[in-house]
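> Output the structure for:
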Amino acid sequence: MTIHAGRHSAPTLLVVGRGIAAAREGLLDRWSQWLVERGSGSQGLDPAALARPLRIILDLMVHMSGPHRREARESWYAATELYGRLAEARGLSAGEVVEELQHLRELVIVELADLFVALPARQQLPAVLRISRVLDTAVTNGVVGYTDALVASMFNREGVPVPTTENLQDLLDQLCALEGDVKLLAERSAG
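Modelled structure (predicted):
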């Protein structure tokens, strides 16, 4: 991953990014708990392993709202597409992928509601729309990843989708690469 000098971001976006960063652990806990309670994802992926892509998505959301959004875009697309691929491996439907990512939108907006309200009136709606637009791309890429994985498994298994441990391990290996990208972005942001 090549990280270029970041663009200047509006102070509002920096505040929102910091708000997401500060709320990340709480968001991660609530999102993970909601997934566990729904019972989605028990097939081949334990809750601890499922937390990894959730954490990557939340970490990348911080960057997608700030000065490194262009540098983070490629990793964001890869992470959200991988989330869709993992959903297919977990035995979910495309609608459930959408529902899971929409739930993240609700969690973020509710968690940051006080922050949004504290912004000057003319910056409140644009800030919410920016976060919503970022999450729209997550939904789109999640469904693309899901669909690609489903079609590939249908062709590989003569029309019968059957997740294999090697496919799941390959997806988990991709998580490691994305975690490295997030680490580089965090180092760049700190510097």
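
> Report the separation between residue 38 and residue 170.
From residue 38 across to residue 170, the span is 25 Å (Cβ to Cβ, to the nearest Å). Where you see a C-beta, it was placed from the backbone N, CA and C, and this is true even at glycine.

> I should have written residue 34 there, sorry.
Taken as Cβ to Cβ, the span from residue 34 to residue 170 is 27 Å.

> what packs against the worst-scoring helix or strand of the chain on mean pLDDT?
Within the chain, confidence by mean pLDDT, DSSP states H and E is lowest for helix 165-190 among all helices and strands, at a mean of 82. Taking 3 or more Cβ pairs under 8 Å, 6 or more residues apart in numbering; DSSP states H and E as contact, the helices and strands that helix 165-190 lies on are helix 47-64, helix 69-89.

> what angle separates the last one from helix 47-64?
If I follow you right, that is helix 69-89. 160 degrees (axes from the mean of the first three to the mean of the last three Cα atoms, to 10 degrees).

> Flag the shaky bits of the chain, pLDDT-wise.
Low-confidence segments of the chain (pLDDT under 70): 1-9, 40-44, 156-166, 191.

> got the contact list for the residue nearest the centre of the chain?
Nearest to the geometric centre of the chain sits residue 57, at 2.7 Å (Cα atoms, centre = their mean). Counting by Cβ atoms under 8 Å, 6 or more residues apart in numbering, residue 57 touches 79-80, 83, 104, 138.

> JSON lines for the residues you listed, including neighbour count?
Compiled in JSON lines, those are given as follows (neighbours: other Cβ atoms under 10 Å):
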{"residue": "79", "neighbour count": "28"}
{"residue": "80", "neighbour count": "26"}
{"residue": "83", "neighbour count": "26"}
{"residue": "104", "neighbour count": "21"}
{"residue": "138", "neighbour count": "27"}
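
> Could you identify the most distant pair in those?
79 and 104 (12.3 Å; Cβ to Cβ).

> How far away from the center of its chain is the longest helix belonging to the chain?
Assignment by DSSP state H gives helix 121-156 as the longest helix of the chain. With Cα atoms, centre = their mean, to the nearest Å as the basis, helix 121-156 stands 8 Å off its chain's centre.

> And that helix, what does it pack against?
Helix 121-156 sits against helix 11-38, helix 47-64, helix 69-89, helix 94-111, helix 113-118, with contacts defined as 3+ Cβ pairs under 8 Å, 6+ apart.

> What residues sit buried inside that helix?
With burial defined by 16 or more other Cβ atoms under 10 Å, the residues of helix 121-156 counted as buried are 123, 127-128, 130-131, 134-135, 138-146, 149-150, 153.

> Sounds good, over and out.
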